[in-house]
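Student: sequence plus the predicted model coming up.
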Amino acid sequence: MEIRSGNIIVGAVGGTAGKNAKTYKVSIPTSWISAIGVSNSQREVELQFDGQQILIKKKLSGKEFAEQKQAMQHDVKCLKYFNDAILCTVIYADFTDQTLSVENHIDALVKTAFGKNKLPNWDDFTAFLEERCLPRQREGLQSYLESLGLDHYDPLDIIQRTGGRMAEDQQWLSVEDLK
């Protein structure tokens, strides 16, 4: 592991930001940036903060995310969310470590899986799945599950059988196990 010392560059924020608002930047060595695969044409990174440390990683495409997780022998599924015949969102879900990669394919946020939430977490994902199913508290739920060939409420199993179709909209999902 290579360690270097650096300074945070502190600047004032303009526009409509508050009077005491600041922006913080840090210079990162070119060799480090190149090593993680960031370039002038692929500059998007993912920042993670655990309360003490900041981790900077190259933002992977959904396909790269899935390939990386598959190489680790993780259980990865690809969910495609459609509005009628239009592909709106592709979700790569790692059921082993409960992480996601989400790619929107349309600009209309109301038609995407997570709306304006660009970085959904696993809780957001599970809530989304439940929204595409009959509610857990619905009367006659057990009979409905039996008609689907299920013995318990599992949103993913329900979606795999129903496509996550709801009477009030045109959205639906396809689920693919990535091996």
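Tutor: Great, that's in hand.
Student: tell me how far the one helix or strand in the chain whose mean pLDDT sits lowest lies from the chain's centre.
Tutor: For the chain, using mean pLDDT, DSSP states H and E, the weakest element among its helices and strands is strand 45-49, scoring a mean of 89. Using CA atoms, centre = their mean, to the nearest Å, the mean C-alpha position of strand 45-49 is found 13 Å from that of the whole chain.
Student: next structured bit after that strand?
Tutor: In the C-terminal direction, the helix or strand that comes right after strand 45-49 (DSSP states H and E) is strand 54-58.
Student: only alpha carbons, please: show that next one as PDB.
Tutor: Presented in PDB, the C-alpha positions along strand 54-58 are these (Å, rounded to 0.1, in the frame of the first residue of the first chain):
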ATOM      1  CA  ILE A  54     -13.500   7.900   2.300                       C
ATOM      2  CA  LEU A  55     -13.100   5.300  -0.400                       C
ATOM      3  CA  ILE A  56     -12.900   6.300  -4.100                       C
ATOM      4  CA  LYS A  57     -13.600   3.600  -6.700                       C
ATOM      5  CA  LYS A  58     -14.200   3.800 -10.500                       C
END
